[in-house]
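[1] What follows is a predicted protein model with its sequence.
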Amino acid sequence: MKPTHSSDDSPPSRRGRPPARGGGHRDGGDRGGGASVWLYGTHAVMAALVNPERKVRRLVATAEMARTLPPSRLAPDLMARPEIDRLLPAGAVHQGVAVLVEPLPAWGIEDVVRAGALTEQAIVVVLDQVTDPHNVGAILRSAAAFGALAVVVPDRHAPEETGALAKSASGALERMPLVRVTNLARTLDLLKEGGFWIAGLAADAPKTLAQAGLSGRVAMVLGAEGDGLRRLTREHCDHLVRLPMIGEMESLNVSNATAIALYELARDA
């Protein structure tokens, strides 16, 4: 199926995305109001500070970390580490720096389809109820490393764009669109209409990802650890594929499986 588009279509990017949909850690006072969220950790904060789409409300840092920060739109509030601890969720490993930001503008699935229509080779990662923010953050990082267009998650049963997710993404949250959709099955249909093959990763699949020989535009669908893909999600896949596993292990962590699948797709592109 060949997608069609007008000559003046342009791919969406982190610069010039549609208006924000919200999300993030909600709290009052120094924790921010509305949909503001504290990002923390060196890579997450550095990436946010150099992203022109990020609206930064407050920057806090130890004196030592402040000397390493890039030029910013606002000067950091210098604090001791225990003071920064009190601004963030318990247990946050902030490395002496944190930034209070507004959510990034949000992509819709139509933006993903439009971007895919402008290239012969494209990869989209679709997550079926993967709820752990560390896994989703790591998947964003792998998606950015292997040149995916976007990571798609359901509006429910998926983590918000929190500091924990951003830290696990190691700066990729600023570069890789995290697209939230209401109906995952309908989203897969829209991707098909846009010329994407839908490949679901399942341990009981009859062939490996390499054996499937997928090329062109591919949406790689992965389910939650343990439960895997839901029945309706499987039914909307064009292919069910697996990773070749040797030994007694039946499955991998979903973020590791995503990285391997993305490498295989990128290698064959």
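    Ah, there it is.
[2] alpha carbons only for contacts and neighbour counts from here, please
    Fine.
[3] I'd like the next helix or strand past the helix or strand where Ala144 lies.
    Assigned by DSSP states H and E, Ala144 belongs to helix 133-145. Downstream of helix 133-145, the next assigned helix or strand under DSSP H and E is strand 150-154.
[4] Summarise which helices and strands that following strand is packed against.
    For strand 150-154, the packing partners by 3 or more C-alpha pairs under 8 Å, 6 or more residues apart in numbering; DSSP states H and E come out as strand 122-128, helix 133-145, strand 178-181.
[5] same thing but 10 Å
    Applying 3 or more C-alpha pairs under 10 Å, 6 or more residues apart in numbering; DSSP states H and E, one finds that strand 150-154 makes contact with helix 109-116, strand 122-128, helix 133-145, strand 178-181, helix 184-193, strand 217-223.
[6] C-alpha coordinates for the helix of greatest length in the chain, PDB please?
    Ranked by residue count under DSSP state H, the longest helix found in the chain is helix 254-268. Extracted C-alpha coordinates of helix 254-268, given in PDB (Å, rounded to 0.1, in the frame of the first residue of the first chain):
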ATOM      1  CA  VAL A 254      10.700  -5.600  27.000                       C
ATOM      2  CA  SER A 255      13.300  -2.800  26.700                       C
ATOM      3  CA  ASN A 256      16.000  -5.300  25.800                       C
ATOM      4  CA  ALA A 257      13.700  -7.000  23.300                       C
ATOM      5  CA  THR A 258      12.900  -3.700  21.700                       C
ATOM      6  CA  ALA A 259      16.500  -2.700  21.300                       C
ATOM      7  CA  ILE A 260      17.300  -6.100  19.600                       C
ATOM      8  CA  ALA A 261      14.200  -5.800  17.300                       C
ATOM      9  CA  LEU A 262      15.100  -2.200  16.300                       C
ATOM     10  CA  TYR A 263      18.600  -3.300  15.500                       C
ATOM     11  CA  GLU A 264      17.400  -6.100  13.300                       C
ATOM     12  CA  LEU A 265      15.000  -3.800  11.400                       C
ATOM     13  CA  ALA A 266      17.600  -1.100  11.000                       C
ATOM     14  CA  ARG A 267      20.200  -3.600   9.900                       C
ATOM     15  CA  ASP A 268      18.000  -4.800   7.100                       C
END
